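**Student:** how would this look folded up:
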Amino acid sequence: MTDVDATSGADTAGTDTAGTDTAGTDTAGTDTAGTDTAWLAPGEPVDLDTCAREPIHVPGAIQPRGVLLAVSEPDLVVVQASEDLAGLTGVVWSDALGRPLADVLGVAPTEAIVRSASAFGDLRERNPVEVTLDVDGGPVPVDAILHRALLEGVRDEHGQPVDGGAPVTNLVVELEPARGPRPFSFPNTYQAVRGTVAALNRAVTLQELYDATVRAVRDLTGFDRVVLYRYDADWHGEVVAEARAQHVDSFLGLHFPASDIPAQARTLYEKNWVRLISDVDYVRSPIRPAAHPATGRPLDLTYSTLRSVSPVHLEYLRNMGVTASMSISLLRDDRLWGLIACHHHSGPHQPPYATRAAAEFLGSTLSLRLVDRSAEDEVHRALRVRSTLAWLTTATLDEDRPLAETLLGTPSLLDVLPADGVAVSLQGGTGTRGEQLPADVLERLVAWAAARGGEVVATDRLQLDAPGLGIPVDVACGVLALPLPEGQYVVWHRREAVRHVDWGGDPHTKALAEREGDDVRLSPRKSFDRWRETVRERSSPWTPQELAEVRELRGHLLEALYARSRSIVRAAETLQRSLLSEPPSPAGVELAVRYVPATREAQVGGDWYDAFPQPDGSTVLVIGDVVGHDVQAAACMAQLRGLLRGIAFDSGESPARVLSRLDAAIEGLGLGAMATVLVARLERTGDAARLRWSSAGHLPPLVVGPDGTARALTTGRAGLLLGVDAGAARTDAEELLADGSTLLLYTDGLVERREEGFDGGLDRLAVALTDLRTRPLEEVCDEVLARLVPEGAEDDIALLAVRLRA
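**Tutor:** As a prediction, the model looks like this:
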């Protein structure tokens with residue numbers, strides 16, 4: 001049970017929780033002054049859960065620092081306008097409806113807008129369009145900000161739905177007066193921030209990245225306080241960096257509950273990266289008519305820069321003394337991971353659009369740097385763990401050493417999964433490493449994990465998930481167990497990790513208001529004092545990456561247990577096959593694989609194949625042969641296969657680059673391996689497929705076209721074996737394969753004979769493939785083996801066959 005210590009008092013460092021752009025941004029709430037509240041059920045209590053359904057992307061109004069026009073295309077007729085249109089253009093909104101845009105803005109401004117709207121590419125990337133309006137005989141410089149709004153539910157002049165065809169959009173023109181000189185022209189945005197970009201590139205730690213960004217955004221925009229707000233996996237947030245004026249309070253280190261920013265608000269942040277409220281006391285300017293004439297629905301303002309925000313959010317800001325705010329989205333893989341939040345306390349504050357764009361550029365740069373840094377850290381961690389997994393997997397083949405002793409040596413299971421201790425019971429041998437659990441506690445944990453029935457059983461709050469075990473929190477709080485056959489197991493355990501979380505206000509308070517008759521009054525909390533929560537009975541969490549890695553380890557352990565239960569010949573063959581996964585089934589491609597152990601000696605070999613899909617739809621094909629025919633060769637094979645998968649998956653790198661990185665890993669990790677390997681990437685392109693490959697001393701692939709022509713695919717030179725020279729140059733080759741083609745990757749055991757050279761074996765293989773080109777692919781593999789090695793293989797053989805289907 002969580003122990004909560006709420007410390008009250010006027011510690012204003014805890015202010016601005018749910019109301020800042022860091023928390024509570026466009027939060028729940030409905031505008032009782034004009035927004036439809038039909039989305040609330042009669043008598044339903046209003047809290048942060050119900051408010052999360054508020055349709056904040058269609059508020060029906062804008063902030064009055066500018067005006068909005070919705071214009072039909074291609075005729076450029078105004079169909080909607082904000083009510084305060086006359087204040088900037090001199091044209092009353094009702095007079096603007098149904099008129100050409102040029103009648104409202106003038107010919108020259110309209111031509112500039114049309115040129116920008118007609119250009120190729122993303123319309124928003126060319127904002128703002130700098131125009132000058134002629135109002136009452138005087139020039140008014142204006143920033144025109146353009147985007148297109150998708151119209152759903154469009155009806156024709158008879159009121160019938162319009163289905164099919166291209167999506168129907170309106171051009172949305174938002175006009176902001178450019179009061180005073182612009183700080184810099186939009187094309188020179190990079191010049192304004194290049195010093196900060198250089199500082200970000202020099203940053204060594206994440207905190208340096210955070211700090212440099214908030215300082216630069218504050219210097220650029222002039223807000224009193226700028227903070228960087230980072231989400232965790234549950235969408236709770238923490239302020240991790242801050243730049244502020246001396247007269248405002250600090251938010252650094254404060255946390256905010258996920259309910260402060262509902263899911264629909266986070267979705268808007270992922271689409272529209274900058275949001276400005278220049279004056280929290282603004283009077284909203286309604287859009288007229290409220291319903292779009294073509295749809296009967298409010299105009300979607302998802303991408304609007306002037307979109308009016310939830311009145312509850314404005315009240316949050318007022319309650320904490322904020323008079324203006326701005327937020328900048330931080331994205332990773334197109335998903336929101338944090339915000340840069342800006343607050344002002346001394347009246348309205350309106351940075352020009354170009355300044356906001358420069359700040360957005362800094363946010364995008366920070367996001368890219370963080371992605372690069374995170375990817376780099378994850379690659380290093382994954383390579384280290386995968387290398388340890390491969391070593392342990394191979395070490396389990398040594399039947400002269402007990403399995404438990406192998407896993408608890410150096411390296412050990414604690415190098416795969418960090419914990420305070422690990423306990424093992426395998427094949428009658430038991431042991432521990434790190435802290436030891438009492439025997440009765442371990443017995444209860446093993447029984448509990450086995451009863452759960454999963455392959456991996458994990459919890460970071462044992463006392464809450466299994467109170468009946470009666471295990472004290474100071475003994476074990478986090479447990480990860482691998483239940484194995486016949487009562488065998490591996491159990492990691494972690495201690496309680498007591499931590500203190502400083503919240504900006506009580507995060508457990510949800511009630512905001514109740515329905516009052518036919519009206520709803522929403523009022524956010526007025527106290528934002530620091531609220532400290534002491535979190536107990538929780539260990540450090542088991543991460544998704546750790547869970548995936550121990551699942552892989554469990555598979556290897558099952559293979560090792562099975563192999564050790566049989567003779568060395570059967571154990572060798574079983575283990576070899578277990579390391580070779582079944583091929584995927586990509587669209588338009590048929591794959592078949594075979595592995596045949598050598599019959600001349602009972603040894604584990606180093607031949608392998610692999611095939612796995614990439615997120616971009618391509619398929620990676622691998623065939624390899626480690627030098628040697630013993631346990632060491634199998635060890636190297638397991639390590640190389642694992643390393644290659646880790647390097648190639650979703651890296652976007654060419655096969656030659658993958659081989660170069662694998663060669664560098666062999667040298668850097670001191671594996672001492674030598675192997676021939678061929679890596680290829682197969683990508684469907686219409687009625688054909690593009691094959692790009694690189695070879696490290698391996699035999700060339702053989703392809704038979706639909707017309708029966710057989711040929712070996714060569715690159716001019718095969719390249720050096722892996723493990724000879726890590727700096728050796730690698731090259732790629734490409735080939736376009738027609739539908740109906742059959743491609744074969746193989747190891748030398750298929751074509752090498754003592755009485756003939758490779759050329760003779762390749763010729764026989766080409767003839768066999770040509771004869772069998774119309775047969776099913778599985779039959780092709782079996783028949784090729786029957787023809788080329790009728791009496792069994794003298795060496796291990798691995799085959800990977802590919803058929804391109806129409």
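
**Student:** State the distance from the spatially most central residue of the chain to V490.
**Tutor:** Closest to where the C-alpha atoms of the chain average out (C-alpha atoms, centre = their mean) is D333, at 4.5 Å. As judged by C-beta to C-beta, to the nearest Å, D333 and V490 stand 33 Å apart. C-beta coordinates here come from the backbone N, C-alpha and C atoms, glycine included.

**Student:** can you check G478 too?
**Tutor:** 15 Å.

**Student:** Count the residues that sit near the closest residue to V226 other than its chain neighbours.
**Tutor:** Counting by C-beta to C-beta, 6 or more residues apart in numbering, R218 is the residue found nearest to V226 once chain neighbours are left out, at 4.2 Å. By the criterion of other C-beta atoms under 10 Å, R218 has 21 neighbours.

**Student:** And the one helix or strand R218 maps to, what's buried?
**Tutor:** Per DSSP states H and E, R218 falls inside helix 206-221. By 16 or more other C-beta atoms under 10 Å, the buried positions in helix 206-221 come out as 206, 209-218, 220-221.

**Student:** of all those, which comes closest to G555?
**Tutor:** Lowest distance from G555 to these (C-beta to C-beta) belongs to L206, with 33.9 Å.

**Student:** Where does N201 sit, in terms of helix or strand?
**Tutor:** Here N201 sits within helix 189-202, counting by DSSP H and E.

**Student:** So for stretch 551-564, mean pLDDT?
**Tutor:** Regarding stretch 551-564, the rounded mean pLDDT is 79.

**Student:** Buried residues, it. List them.
**Tutor:** L553, R554, H556, L557, L558, E559, A560, L561, A563, R564.

**Student:** closest to V780 among those?
**Tutor:** Closest approach to V780 among those (C-beta to C-beta): E559, at 28.5 Å.

**Student:** Quick one: list the elements packing against the strand or helix carrying the closest one.
**Tutor:** Assigned by DSSP H and E, E559 belongs to helix 544-564. Secondary-structure packing of helix 544-564 (3 or more C-beta pairs under 8 Å, 6 or more residues apart in numbering; DSSP states H and E): helix 353-395, helix 403-407, helix 413-416, strand 478-483, strand 489-494, helix 568-578.

**Student:** Could you rerun that using 6 Å?
**Tutor:** Using 3 or more C-beta pairs under 6 Å, 6 or more residues apart in numbering; DSSP states H and E, the elements in contact with helix 544-564 are helix 353-395, helix 568-578.

**Student:** Tell me the helix or strand right after the last one.
**Tutor:** Following helix 568-578 in sequence order, the next helix or strand is strand 589-596 (DSSP H and E).

**Student:** could I have that next one exported to CSV, CA atoms only?
**Tutor:** Extracted C-alpha coordinates of strand 589-596, given in CSV (Å, rounded to 0.1, in the frame of the first residue of the first chain):
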residue,chain,number,x,y,z
VAL,A,589,7.4,-13.8,-51.5
GLU,A,590,7.6,-17.4,-50.6
LEU,A,591,10.5,-18.6,-48.4
ALA,A,592,11.8,-22.1,-47.6
VAL,A,593,14.7,-23.2,-45.4
ARG,A,594,16.7,-26.3,-44.7
TYR,A,595,19.5,-27.3,-42.4
VAL,A,596,21.3,-30.6,-42.8
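
**Student:** can you list contacts of stretch 423-443?
**Tutor:** 402-404, 407-408, 412, 414, 420-422, 471, 475, 488-491 (C-beta atoms under 6 Å, 6 or more residues apart in numbering).

**Student:** so the closest residue to L772 other than its chain neighbours is in which element?
**Tutor:** Counting by C-beta to C-beta, 6+ apart, L772 lies nearest to V780, which is 4.7 Å off, once chain neighbours are set aside. According to DSSP H and E, V780 maps onto helix 777-788.

**Student:** just checking, what packs against the longest strand along the chain?
**Tutor:** Longest strand in the chain by number of residues (criterion: DSSP state E): strand 138-150. Under the contact definition 3+ C-beta pairs under 6 Å, 6+ apart, strand 138-150 sits against strand 129-135, strand 169-177.

**Student:** Run through who's touching the first one.
**Tutor:** Where contact means C-beta under 6 Å, 6+ apart, the residues beyond strand 129-135 that reach it are G90, G106, P109, A112, I113, S116, P139, V140, P141, V142, A144.

**Student:** for those residues, which one is nearest L713?
**Tutor:** Within the contacts of strand 129-135, the smallest distance to L713 is 49.4 Å, found for S116 (C-beta to C-beta).

**Student:** what's the host helix or strand of that closest one packed up against?
**Tutor:** Taking DSSP H and E as the definition, S116 sits inside helix 107-118. In terms of contacts (3+ C-beta pairs under 6 Å, 6+ apart), helix 107-118 is packed against strand 129-135.

**Student:** can I get the CA coordinates of the strand it packs on in CSV?
**Tutor:** Output of strand 129-135 as CSV, limited to C-alpha atoms (Å, rounded to 0.1, in the frame of the first residue of the first chain):
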residue,chain,number,x,y,z
VAL,A,129,2.9,34.8,-45.8
GLU,A,130,3.9,38.4,-45.2
VAL,A,131,1.2,40.7,-46.6
THR,A,132,0.0,44.3,-46.2
LEU,A,133,-3.7,45.1,-45.9
ASP,A,134,-5.1,48.5,-47.0
VAL,A,135,-7.5,49.5,-44.1
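
**Student:** angle of that strand against strand 169-177?
**Tutor:** Relative orientation of strand 129-135 versus strand 169-177 (axes from the mean of the first three to the mean of the last three C-alpha atoms, to 10 degrees): 70 degrees.

**Student:** Could you double-check that the residue nearest to L772 sits in contact with R773?
**Tutor:** No: V780 is beyond contact range of R773, at 7.9 Å (criterion: C-beta atoms under 6 Å).

**Student:** For the two, indicate the residue with more neighbours.
**Tutor:** V780 (23 against 19).

**Student:** The closest residue to D143 other than its chain neighbours: neighbouring residues, count only.
**Tutor:** Of all residues not flanking D143 in the chain, P128 sits nearest, at 3.7 Å (C-beta to C-beta, 6+ apart). P128: 23 surrounding residues under other C-beta under 10 Å.

**Student:** So P128 is in contact with I145, correct?
**Tutor:** Yes: counting by C-beta under 6 Å, I145 is a contact partner of P128 at 5.2 Å.

**Student:** if we can go back for a sec, mean pLDDT for the helices and strands packed on helix 544-564: which is lowest?
**Tutor:** helix 568-578 (a mean of 54).

**Student:** pretty sure P141 contacts L175?
**Tutor:** No: look at P141 against L175 with C-beta under 6 Å: they stay out of range, at 10.6 Å.

**Student:** the more surrounded of those two?
**Tutor:** Counted by other C-beta under 10 Å, P141 and L175 do not tie: L175 has more neighbours, with 26 against 14.

**Student:** how near is the more buried one to L105?
**Tutor:** Plainly put, L175 is 8 Å away from L105 if you go by C-beta to C-beta.

**Student:** what's the answer for A178, then?
**Tutor:** With C-beta to C-beta as the criterion, A178 and L105 are 15 Å apart.

**Student:** With neighbour numbers in mind, choose between the two.
**Tutor:** Using other C-beta under 10 Å as the criterion, A178 and L105 rank with L105 on top: 26 against 18.

**Student:** quick one on the thing from earlier: I'd like to check the angle between the next helix or strand along the chain from the helix holding R218 and helix 206-221, please.
**Tutor:** Remark: after helix 206-221, the chain's next helix or strand is strand 225-231, criterion DSSP H and E. For strand 225-231 against helix 206-221, the angle by the same axes, to 10 degrees is 140 degrees.
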